[in-house]
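# Could you look at this predicted model? Sequence included:
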Amino acid sequence: MAMNTEKGTETMLKQTFLLSALLFGLTACQSTDVANQETVPLQGSWHVEAVQGQPTVDYSPAQITFADEGKLSGNNSCNNFFGQYSQQGQALKIIPGGSTMKACVDALMQQEHKVMQALPLVAKAKLVQGRLTLLSSDDKPVLVLSQLK
């Protein structure tokens, strides 16, 4: 009879261990998903420091302002622009609407073109070392921004 009790206890311990491991594993997976989906605070004005891996022209006026209700505006280096954005967790979609059409020096006009090409490529937002990094769907930096005060 002692043999059955030992086997029963051993089976019960195995089941308890497996159940504990399963619950721990599920908890770990859940916390990872939640951490990856934390909403990045976007609202406010941000200076564009880099566009598609290239630093912006010195003293560039390029900036983006994320406002309430998904409204977006800014300066693309030469002209003012406006549009919309939607955010869910780290996922971010930017939809440029339009811009003014004045001419500037060639360097700023080229940078303006890059900024406007980059905006629709944005798929994610992450805060990295105090900078807002907007990434493409394949996790490549599209825009690097620093908050204006």
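Received it, and whenever you're ready, just let me know what you need.
# And the pLDDT at residue 59?
Residue 59 is assigned 88 on the pLDDT scale.
# again with residue 4
Looking at residue 4, its pLDDT reads 57.
# Please shift the residue numbers so they start at 455 in all later answers.
Got it, the first residue is 455 from now on, which makes the last one we talked about residue 458.
# what sits against the residue sitting nearest the centre point of the chain?
The residue lying closest to the centre of the chain (C-alpha atoms, centre = their mean) is residue 579, at 1.1 Å. Contacts for residue 579 (C-beta atoms under 8 Å, 6 or more residues apart in numbering) come out as 494, 496, 541, 544, 546, 586, 587, 588, 589. Yep, even glycine has a C-beta here, placed from its N, CA and C like the rest.
# State the pair within the residues you listed that is farthest apart.
541 and 587 (14.4 Å; C-beta to C-beta).
# Can you tell me how far the closest residue to residue 522 other than its chain neighbours is from residue 512?
By the measure of C-beta to C-beta, 6 or more residues apart in numbering, the closest residue to residue 522 outside its immediate chain neighbours is residue 497, 7.2 Å from it. Between residue 497 and residue 512 the distance, using C-beta to C-beta, to the nearest Å, works out to 27 Å.
# just residue 599 next, same as before
When residue 599 is compared with residue 512 (using C-beta to C-beta), they lie 17 Å apart.
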